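**Q** fold the following, please.
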Amino acid sequence: MKTAKIISIIGHPIFHPTWMMIILMLTGITSFMPQNNYVFLGITLLMTCLIPGLVIMMVKRWGLIKSLEMEDREDRLGPLFIMLLFLYAAYRYFNKIPMLAIYNFYLTSVIVVTVLAFVVSFFWKISMHTLGWGCFTAFLFIMTTVSVRLYLPYFIVSIVASGIVASARLKLKSHDNAQIYAGFAMGFAAVIVSYFFLIV
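**A** So this is what the prediction gives:
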């Protein structure tokens with residue numbers, strides 16, 4: 001149970017934008033301006049993880065949500081709205097850098113998936129973990145079609161990680177199978193549909 005808890009924390013989708021920026025840096029997307037690598041990474045970490053995470057912790061301290069784990073559907077709405085605000089702020093920042101357009105598409109996909117999570121949370125407790133991993137994996141799938149050599153290893157790792165995180169969430173009894181599978185499928189499909197509408 002303890003291992004599942006650790007996996008659940010490490011696999012939380014709040015870390016995904018930062019991980020994706022690291023992957024794009026490692027595969028050379030930011031090689032045109034290497035002096036800005038740490039600036040991009042720092043801004044991503046602050047705007048999509050650290051600051052929204054701190055705000056959500058403050059919301060918990062104020063008693064507006066019961067738990068940081070957000071096991072209740074109602075507890076998810078406020079944190080999801082906070083995430084949307086900071087994701088949009090990050091999108092606006094990176095939108096000013098044309099050479100990072102592919103990363104901005106990823107942020108757009110994350111925003112779309114977060115909006116879906118917000119809407120669905122009014123009615124059902126979908127797995128936000130697998131929703132995020134579906135989004136993450138779908139983006140790497142698209143990148144793999146562009147360059148198999150560069151992105152295939154990351155795509156394979158994302159599939160394995162998705163399965164591990166999904167198993168951890170089931171082990172913790174945070175979700176049932178339907179919520180887990182629906183989350184991944186919705187996250188994956190949202191990115192693919194966004195790709196055909198925005199890129200192709």
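
**Q** so which bits of the helix or strand containing residue 40 are buried?
**A** Secondary-structure assignment from DSSP states H and E places residue 40 in helix 37-45. Within helix 37-45, the residues scored as buried using 16 or more other C-beta atoms under 10 Å are 40, 41, 43, 44, 45. Any C-beta I mention is one placed from the backbone N, CA and C, and that applies to glycine too.

**Q** quick one: the least confident helix or strand in the chain by mean pLDDT to helix 37-45, angle?
**A** Ranked by mean pLDDT, DSSP states H and E, the weakest helix or strand in the chain is helix 51-61, scoring a mean of 85. Counting by axes from the mean of the first three to the mean of the last three C-alpha atoms, to 10 degrees, helix 51-61 lies at 30 degrees to helix 37-45.

**Q** tell me which of the buried residues of helix 37-45 has the lowest pLDDT.
**A** Within the set of those, pLDDT is lowest for residue 40 (87).

**Q** and the least confident helix or strand of the chain, which residues are buried?
**A** 52, 53, 55, 56, 59, 60.

**Q** pLDDT weak spots in this structure?
**A** Along the chain, the parts satisfying pLDDT under 70 run over 30-35, 63-75, 200.

**Q** and the helices in it?
**A** Assigned by DSSP state H, the chain shows helices spanning 2-10, 16-26, 37-45, 51-61, 73-94, 101-120, 128-146, 148-171, 177-198.
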